[in-house]
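[1] Could you work out the structure for the sequence below:
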Amino acid sequence: MTRKLTSFGGAALAGALLILAGCNASDNSSVTAPATSTATRWSAFRDAFLAGYFPLSPTFAVYQGKHEYDGQLPDWSPEGIEKQAAFLEKAIKDAKAFDGDMSDAEKFERDYLVRVAEGQLFFLRDTDFAQKNPAFYVGALDPNVYIARHYADPATRMKAFIQYAEKIPAAAAQIKANLKLPLPATFVKFGTAGFGGFAEYYTGDAKAAFAAVKDPALQKQFDEAAAKAAAAMRDLAAYVGSQPGTADGYALGADKFAKLILTNEAVDTPLDELEQIGEADLKRNQDALRAACAAYAAGATIADCMKRMNADKPADGPVAEARRQLPQLRAFLIEKDLVSIPGTEQAEVEESPPYNRQNSAYIDIPGPYEKGLPSVYYISPPDPAWDKATQDAFVPGRKDLLFTSVHEVWPGHFLNFLHSNRAESIFGKLFVGYAFAEGWAHYTEEMMWEAGLGDGDPETHIGQLSNALLRDCRFLSAIGLHTKGMTVAESEKMFKEQCFQDEGNARQQAARGTYDPLYLNYTLGKLMIRKLRDDWTKGDRSKWKAFHDEFLSYGGPPIPMVRAAMMKESAPRAIF
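    Predicted coordinates:
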């Protein structure tokens, strides 16, 4: 998903890596850490933190609906990045030392703040992503909010886009100065596609989006700014691709990977134990797939069974099929009374823009400061560079796509954010973490099957299991690529042979694991939510709706924090 999650800049890569952005030097040069240490009430402390946070993260602010930050871009100079880190360090120190009177809810929010800041600080202090990983930048460069989110009239959004485009050349120069070649081969491909895709988008789809604005002077200003921005992005893409990529160089290493999931998700489970947990879930889903295939395609191999399921494609394409699926899924939720649906907001379905096709599907959801705007569920076409057979296989079968629609919309990300946008805590509204968001969305796929979606149809079950296996291989690939010396080729082979993914998806997912080490969070979060549900309901399915509503009410903190609150435990624990 693409709504900015918890970072200085937010989440790109379809809800993958938490990307970090800073302040625009020309607009925010006077921004410093707020005087939170002098606050005597928690609400004053929290408000002072946010007053300092938004200017330091203008892209995050815009995606939450704070349009006073429209058009601003990060300062990615070494000084700007250091400024971000210093702000977070002071916020953590001051929050831990805060000794004013606090309710239990305020203590939870304080711990929430500390977890968010520690997770973001990890990327600034403990990784070299700013020097190596193009994904560090792509999320904050994303201008889709000005194009697809109709928060204002077209002329107003066009002016915001022009402000954004005018800042691109300076930002591109900073990125170019930061990135130290050669980069890992998967980073080269991601960077050239991402930066090059922006160049095409500025003068193509973005231009077309504002064609109806009948203001010649504004159109001229747009063309000039877009042309310069596109040239800067093409130059940056050429720079990233100017040296051959290396086969390695992407791994965090075991110590940093362990710190990554501790600081971002409050999970301190030893990596060997985590790997065993992932292998057990992989086997559980493989066994279920064998049973479903025996009923659906008796005598066929698992690979042929999956190909048969994937061959059942919508004649008019996945976008049209997804548009048919969404009202049916919403009706199923209401019929089964599985979870509350607050509000009347809707999700639209569109083809994803060229610069953001690293994942097959994702959703862009308006933030809590927006009112009454639709979300957009994007579905990506195949890479035109692939051969025809690979392109054809990439287009999902109807039942595979059904559970992608579950994941992205009903009752996955879209419903999660309907709840989080209404959370009592402002932190619950703003800071929805990776494992919470992706864990919930992935959890709902199996939950919907268990609740009767498809009425026991084996093809439907295979569609659900295809998605589950994809996430199991992400889990194991993240650990393997970053801590076990796994190569990209070995990861791709695992996606194909152990999780039965098609060639295009396997290639795409193996590469993603190198620049998005937290993509294990889909399965990590799902397993923690399943365990929490079983413990909280004590196996009583009639309590599922109450559990789902209570879980979603927290917004999106690390799941061990939610477990401690719901189970009345003394401290957060990661329980699988």
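[2] From start to finish, how long is stretch 492-508 in a straight line?
    8 Å (Cα to Cα, to the nearest Å).
[3] Just the residues contacting it, thanks.
    The contact list for stretch 492-508, computed with Cβ atoms under 8 Å, 6 or more residues apart in numbering, reads 282, 286, 289, 302-303, 306, 310, 358-360, 382-383, 386, 389-391, 393-394, 466, 469-470, 472-473, 476-477, 480, 509-510. To be clear about C-beta, it is placed using only N, CA and C from the backbone, and glycine gets the same treatment.
[4] Among these, the buried ones, what's the PyMOL command?
    Of the contacts of stretch 492-508, the buried ones go into a single PyMOL selection, burial set by 16 or more other Cβ atoms under 10 Å:
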select buried, resi 282+286+289+302+306+310+358+359+360+382+386+390+391+393+394+466+469+470+472+473+476+477+480+509+510
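[5] Give me the pLDDT value at residue 299.
    Residue 299 is assigned 96 on the pLDDT scale.
[6] repeat for residue 15
    So, for residue 15, pLDDT stands at 33.
[7] Likewise for residue 205?
    The model's pLDDT for residue 205 equals 89.
[8] ok, it to residue 351 distance?
    Noted for residue 205: a distance of 10 Å to residue 351, by Cβ to Cβ, to the nearest Å.
[9] try residue 229
    23 Å.
[10] Just to check, residue 248 is in contact with residue 184?
    Yes - because the distance of 6.8 Å satisfies Cβ atoms under 8 Å, residue 248 is recorded as touching residue 184.
[11] Does the residue of the chain most remote from its centre belong to a helix, a strand or coil?
    Distance from the centre of the chain peaks at residue 299, with 38.8 Å (Cα atoms, centre = their mean). Per DSSP: H, G, I helix; E, B strand; the rest coil, the local secondary structure of residue 299 is coil.
[12] circling back: comparing residue 229 and residue 351, which shows the higher neighbour count?
    Comparing residue 229 with residue 351 by other Cβ atoms under 10 Å, the one with more neighbours is residue 229, at 28 against 13.
[13] Would you list the phi and psi of the more buried one?
    phi -60, psi -40 (degrees, to the nearest 10).
[14] Surely it is in contact with residue 165?
    Yes - counting by Cβ under 8 Å, residue 229 touches residue 165, with 4.1 Å between them.
[15] shared neighbours, the two?
    Common neighbours of residue 229 and residue 165 (Cβ under 8 Å, 6+ apart) are residue 202.
[16] Show the residue spans covered by the helices in the stretch 201-350 of the chain.
    All helices of the stretch 201-350 of the chain, identified by DSSP state H, counting those that start in this stretch, fall at 205-209, 216-240, 254-265, 271-296, 302-311, 318-336.
[17] for the last one, which positions count as buried?
    The reference is to helix 318-336. 318, 319, 321, 322, 323, 325, 326, 329, 330, 332, 333.
[18] And for the longest one?
    Neighbour counts using 16+ other Cβ under 10 Å place 271, 274-275, 277-278, 281-282, 285-286, 288-289, 292-293, 296 of helix 271-296 among the buried residues.
[19] Could you tell me how far that helix lies from the centre of the chain?
    Taking Cα atoms, centre = their mean, to the nearest Å, one finds helix 271-296 lying 24 Å from the centre of the chain it belongs to.
[20] Remind me what that helix packs against, helices and strands.
    For helix 271-296, the packing partners by 3 or more Cβ pairs under 8 Å, 6 or more residues apart in numbering; DSSP states H and E come out as helix 254-265, helix 302-311, helix 458-483, helix 521-537.
[21] what's the closest of those to residue 60?
    With Cβ to Cβ as the criterion, residue 60 lies closest to helix 254-265 of these, at 15.8 Å.
[22] C-alpha coordinates for that closest one, CSV please?
    Extracted in CSV, the C-alpha atoms of helix 254-265 (Å, rounded to 0.1, in the frame of the first residue of the first chain):
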residue,chain,number,x,y,z
ALA,A,254,22.1,-10.8,11.2
ASP,A,255,22.7,-8.2,13.9
LYS,A,256,21.2,-5.3,12.0
PHE,A,257,18.3,-7.5,10.7
ALA,A,258,17.5,-8.4,14.3
LYS,A,259,17.6,-4.8,15.3
LEU,A,260,15.4,-3.9,12.3
ILE,A,261,12.5,-6.0,13.5
LEU,A,262,13.1,-5.1,17.2
THR,A,263,13.0,-1.3,16.6
ASN,A,264,10.3,-1.3,14.0
GLU,A,265,8.0,-4.1,15.3
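[23] So which elements touch that helix?
    helix 104-125, helix 271-296, helix 434-450, helix 458-483, helix 521-537.
[24] Verify the assumption that residue 86 is located in a helix.
    Yes - assigned with three-state DSSP, residue 86 falls within a helix.
[25] and it, how many neighbours?
    Neighbours of residue 86 (other Cβ under 10 Å): 14.
[26] got any ranges where the stretch 451-576 of the chain has weak pLDDT?
    Across the stretch 451-576 of the chain, not a single residue meets the criterion (pLDDT under 70).
[27] whoops, I mixed them up, the stretch 251-400 of the chain
    For the stretch 251-400 of the chain, the stretches flagged by pLDDT under 70 are 355, 358-359.
[28] domain assignment for this protein?
    9-256, 267-566 (automatic domain parsing).
[29] can you redo those as JSON lines with distance to residue 574?
    Below are these laid out as JSON lines (distance: least, Cβ to Cβ, whole Å):
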{"stretch": "domain 9-256", "distance to residue 574": "13"}
{"stretch": "domain 267-566", "distance to residue 574": "4"}
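[30] so how far is residue 119 from residue 557?
    11 Å.
[31] Could you name every residue contacting both of those two?
    residue 433.
[32] now for the helix or strand harbouring residue 392, which elements pack on it?
    Using DSSP states H and E, residue 392 sits in helix 388-394. Secondary structure elements in contact with helix 388-394, counted by 3+ Cβ pairs under 8 Å, 6+ apart, are helix 503-515.
[33] Kindly recompute the last result at 10 Å.
    Helix 388-394 is packed against helix 302-311, helix 503-515, with contacts defined by 3 or more Cβ pairs under 10 Å, 6 or more residues apart in numbering; DSSP states H and E.
[34] which one of the ones you listed is the most hemmed in?
    Among those, helix 503-515 has the highest mean neighbour count (mean count of other Cβ atoms under 10 Å), at a mean of 23.
[35] for the stretch 1-150 of the chain, what are the low-confidence residue spans?
    1-38.
[36] And the helices in it, which stretches?
    Going by DSSP H, counting those that start in this stretch, the stretch 1-150 of the chain shows helices at 25-28, 42-56, 58-63, 78-97, 104-125, 129-132, 135-141, 144-148.
[37] Go through the longest one and flag the buried ones.
    Of the residues in helix 104-125, those buried under the neighbour-count criterion (16+ other Cβ under 10 Å) are 106, 108-124.
[38] got the angle between it and helix 254-265?
    150 degrees (axes from the mean of the first three to the mean of the last three Cα atoms, to 10 degrees).
[39] helices and strands around helix 104-125, which ones?
    Against helix 104-125 (3+ Cβ pairs under 10 Å, 6+ apart) you get strand 18-20, helix 42-56, helix 78-97, helix 129-132, helix 254-265, helix 426-430, helix 559-566.
[40] For residue 224, find the nearest of the ones you listed.
    Here helix 78-97 is closest among these (Cβ to Cβ), at 26.3 Å.
[41] can you redo the helices and strands packed on helix 254-265 as CSV with distance to residue 64?
    Formatted as CSV, the helices and strands packed on helix 254-265 follow (distance: least, Cβ to Cβ, whole Å):
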stretch, distance to residue 64
helix 104-125, 14
helix 271-296, 32
helix 434-450, 14
helix 458-483, 27
helix 521-537, 21
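[42] residues near residue 155, how many?
    Counted with other Cβ under 10 Å, residue 155 comes out at 14.
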